[in-house]
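Chemist: no sequence on this one, just coordinates:
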């Protein structure tokens, strides 16, 4: 289905709207690690990820992500050669000040905290952020009313990505999260895989995904901050 928000961002927002911009050097982290930390820091339950592009190498830039908020603002994350660049685009009657006053300081703080952690814990935190991204991908597909096959595999990716992370699986509530994902996988599996996701199931699945997302955001912050 057409991603109208993404088309609007690419064709109008990114070229015509005002924006605030900050940048953070990768060092001493790999670009991919800082991208994941930036993704989590820009994200919230009210944010919708409408685009993501990953670089084939963890050691180089090329990562991109675009968020849309319920306040009708956009945030872009872009991995350049030496820095990660964040931009917040906002309409005329608003500002992008929180990028500078809240998001940038929090990202710098999280980067410093992440560096001090054991390598194994670092790996697990990044893997949980991967689950966060998989859930966002699934939610975006549901909102676009994509075909059932794509949504089924997106839910499955989130579930399988979570199952290999000890911090995730040992956390209070993890079994309920896995049960909910299993339930929706079964529901979607029983639908015609090449038809569009049915309207009557959209609100129910989105509600569950947002509940799980809130739980995951808290879990990551608990282990990162």
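Modeler: Done, it's in. Fair warning: this is a prediction, and the values are worked out from it, not measured in the lab.
Chemist: Residues contacting stretch 99-118, please?
Modeler: Contact partners of stretch 99-118, identified using CB atoms under 8 Å, 6 or more residues apart in numbering, comprise 20-22, 24, 28-29, 33-34, 37-38, 40-42, 75, 86-88, 122, 125, 224-225. (Glycine included, C-beta is placed from N, CA and C.)
Chemist: make it 10 Å
Modeler: Outside stretch 99-118, the residues that touch it by CB atoms under 10 Å, 6 or more residues apart in numbering are 19-26, 28-29, 33-34, 36-38, 40-42, 73, 75, 84, 86-90, 96, 98, 121-126, 220-221, 223-225.
Chemist: Contacts only, for the residue most central in space within the chain.
Modeler: Closest residue to the average C-alpha location of the chain: residue 133 at 3.7 Å, with CA atoms, centre = their mean. Contacts of residue 133 were listed using CB under 10 Å, 6+ apart, and they are 36, 39, 40, 43, 49, 52, 54, 65, 157, 158, 161.
Chemist: Kindly state the pLDDT recorded for residue 64?
Modeler: On pLDDT, residue 64 comes in at 94.
Chemist: distance of the residue nearest to it when sequence neighbours are not counted from residue 135?
Modeler: In this structure, residue 64 finds its nearest non-sequential neighbour in residue 53, 4.3 Å apart by CB to CB, 6 or more residues apart in numbering. For residue 53, the distance to residue 135 (CB to CB, to the nearest Å) stands at 18 Å.
Chemist: Which of these two has more residues huddled nearby?
Modeler: Between residue 53 and residue 135, counted using other CB atoms under 10 Å, residue 135 has the larger neighbour count: 26 against 11.
Chemist: what distance separates the start and the end of stretch 187-205?
Modeler: 10 Å (CA to CA, to the nearest Å).
Chemist: May I ask which helix or strand encompasses residue 55?
Modeler: Under the criterion DSSP states H and E, no helix or strand holds residue 55.
Chemist: show me what contacts the residue lying closest to it once chain neighbours are set aside?
Modeler: Leaving aside its chain neighbours, residue 55 sits nearest to residue 62 (3.5 Å; criterion: CB to CB, 6+ apart). By CB under 10 Å, 6+ apart, residue 62 lies in contact with 31, 32, 35, 53, 54, 55, 56, 78, 79, 80, 81.
Chemist: Let me see the backbone angles for the second one.
Modeler: When you say that, I think you mean residue 32. phi -60, psi -40 (degrees, to the nearest 10).
Chemist: how about the strands in the protein?
Modeler: Using DSSP state E, the strands assigned to the chain run over residues 18-25, 47-53, 64-69, 74-79, 83-90.
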